[in-house]
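*Asks:* Structure for the following, please:
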Amino acid sequence: QVQLQESGPGLVKPSQTLSLTCTVSGGSITSTNYAWSWIRQPPGKGLEWMGVIAYDGSTNYSPSLKSRTSISRDTSKNQFSLQLSSVTPEDTAVYYCARAMYSPYYSVVSEYDYWGQGTQVTVSS
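*Replies:* Presented below is the predicted three-dimensional model:
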């Protein structure tokens with residue numbers, strides 16, 4: 001059973017960089033043909049796919065967030081991380097990490113079968 005757990009600060013100041021880590025257990029982030037994404041849900045809005053890191057370390061990002069987003073991984077710890085720079089209050093959301101099979105549909109949130117519980121991040125001074 002794959003389990004994902006998000007961790008990181010719950011409060012970030014405007015203009016700073018939001019950093020979150022997803023720790024995976026019960027499966028390896030380098031296992032062939034899996035994709036690992038960050039997805040967020042602002043208050044009162046739907047789920048928004050942010051970006052993905054695949055089993056081979058390749059990355060792709062939502063065009064609307066690409067200039068501010070970076071996803072990396074630490075295979076020795078079986079973790080992958082999100083960095084979102086220059087945050088504003090509009091980046092306030094519950095942030096999730098999730099797993100899907102690697103396919104052309106990695107940006108479709110319904111493709112994700114394993115999710116972390118989510119972590120609330122508030123951007124405020």
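
*Asks:* Torsion angles phi and psi at Pro89?
*Replies:* phi -60, psi -20 (degrees, to the nearest 10).

*Asks:* what's near enough to touch it?
*Replies:* 14, 123-124 (Cβ atoms under 8 Å, 6 or more residues apart in numbering). (C-beta placed from N, C-alpha, C; glycine too.)

*Asks:* Pull up the gap between it and Gly10, please.
*Replies:* 14 Å (Cβ to Cβ, to the nearest Å).

*Asks:* quick one on the thing from earlier: list only buried entries from the contacts of Pro89.
*Replies:* Val123 (16 or more other Cβ atoms under 10 Å).

*Asks:* of the contacts of Pro89, closest to Ala54?
*Replies:* Compare each of the contacts of Pro89 with Ala54 using Cβ to Cβ and the shortest gap goes to Val123, at 28.4 Å.

*Asks:* Let's see the pLDDT reported for that closest one.
*Replies:* The per-residue pLDDT reported for Val123 equals 98.

*Asks:* Using the three-state scheme, assign Tyr114.
*Replies:* strand (DSSP: H, G, I helix; E, B strand; the rest coil).

*Asks:* got it, and Val24?
*Replies:* Assignment for Val24 (three-state DSSP): strand.

*Asks:* Please enumerate the strands of this structure.
*Replies:* In the chain, the segments counted as strands under DSSP state E are 3-7, 11-12, 18-25, 34-41, 48-54, 59-61, 69-74, 79-84, 93-101, 112-115, 119-123.

*Asks:* Looking at the ones you listed, which one is packed in the most?
*Replies:* Here the criterion is mean neighbour count by mean count of other Cβ atoms under 10 Å, and of these the winner is strand 34-41, at a mean of 22.
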